[in-house]
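*Asks:* sequence plus the predicted model coming up.
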Number of protein chains: 2
Amino acid sequence: MNYIEIIGLAAAFCTTISFLPQAVKTIRSKNTEGISLSMYVVFTVGTFLWLLYGVMAHSLPVTAANAVTFLFAGIILGYKLRYR
Amino acid sequence: MNYIEIIGLAAAFCTTISFLPQAVKTIRSKNTEGISLSMYVVFTVGTFLWLLYGVMAHSLPVTAANAVTFLFAGIILGYKLRYR
């Protein structure tokens, strides 16, 4: 693994795991006022498409990262729809 | 371009553009209470690392998509730091 791949993996780790604190905060506070519904609708659709792309292109990193992000984004979207 | 690439491009478009309505909402309302600071710190660092990866791996789609997302995420992070 060269250093470019290490940067790519670090990038994927950050953008994937970043949605965890948002999901935890939203679940705990149920405060979704400042959160954009449009963002989470489009973003959740986007991560689902990435997941589909990852499976079809046989890319384990894309599939795994987006399965996790899709879960977090879906939870945040669910709370936004429930507590707006 | 095959249909797998089209799905990948649609995915990249969705996950990139989704941060625009959040940035607009945050700029207009200045309400950042429901937004997780940890998410935007880690996510902004992540998109910067993707940008770096895109440049070093000579990937125009990764570079372009993450330049846009980095801008939006940076704006949201700036507002979160300013109006928390």
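*Replies:* Now that the structure is in, tell me what you want to look at.
*Asks:* which residues of chain A lie near chain B?
*Replies:* Taking C-beta under 8 Å from any C-beta of the partner chain as the contact definition, chain A meets chain B at A:4, A:7-8, A:10-22, A:24-26, A:29, A:31-36, A:38-40, A:42-43, A:45-47, A:49-50, A:52-53, A:56-57. Quick note: C-beta positions are derived from backbone N, CA and C, even for glycine.
*Asks:* one more pass at 7 Å, please.
*Replies:* Contact residues (C-beta under 7 Å from any C-beta of the partner chain) of chain A with chain B: A:4, A:7-8, A:10-11, A:14-15, A:17-19, A:21-22, A:25-26, A:29, A:31-36, A:38-39, A:42-43, A:45-47, A:49-50, A:52-53, A:56-57.
*Asks:* my guess is A:Gly34 contacts B:Glu33. True?
*Replies:* Yes: A:Gly34 lies in contact with B:Glu33 (C-beta atoms under 7 Å); the separation is 5.4 Å.
*Asks:* how about the strand or helix carrying A:Asn66: buried residues?
*Replies:* Using DSSP states H and E, A:Asn66 maps to helix A:60-82. Buried residues in helix A:60-82, counting neighbours by 16 or more other C-beta atoms under 10 Å in any protein chain shown, are found at A:62-63, A:65-70, A:72-77, A:79-80.
*Asks:* return the member of the residues you listed nearest to B:Arg84.
*Replies:* Relative to B:Arg84, the closest of these is A:Ile76; by C-beta to C-beta it sits at 18.7 Å.
*Asks:* what sits against the closest one?
*Replies:* The contact partners of A:Ile76, taken as C-beta atoms under 7 Å, 6 or more residues apart in numbering or on different chains, are A:Gln22, A:Ala23, A:Thr26, A:Ile35, A:Tyr40.
*Asks:* and the pLDDT at it?
*Replies:* pLDDT recorded at A:Ile76 is 98.
*Asks:* about what we covered before: would TSV of the contacts of A:Ile76 with distance to B:Arg84, pLDDT and secondary structure be doable?
*Replies:* Below are the contacts of A:Ile76 laid out as TSV (distance: C-beta to C-beta, whole Å; pLDDT from 0 to 100; DSSP: H, G, I helix; E, B strand; the rest coil):
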residue	distance to B:Arg84	pLDDT	secondary structure
A:Gln22	14	98	helix
A:Ala23	19	98	helix
A:Thr26	16	97	helix
A:Ile35	15	97	coil
A:Tyr40	21	98	helix
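*Asks:* many thanks, I have nothing further to ask.
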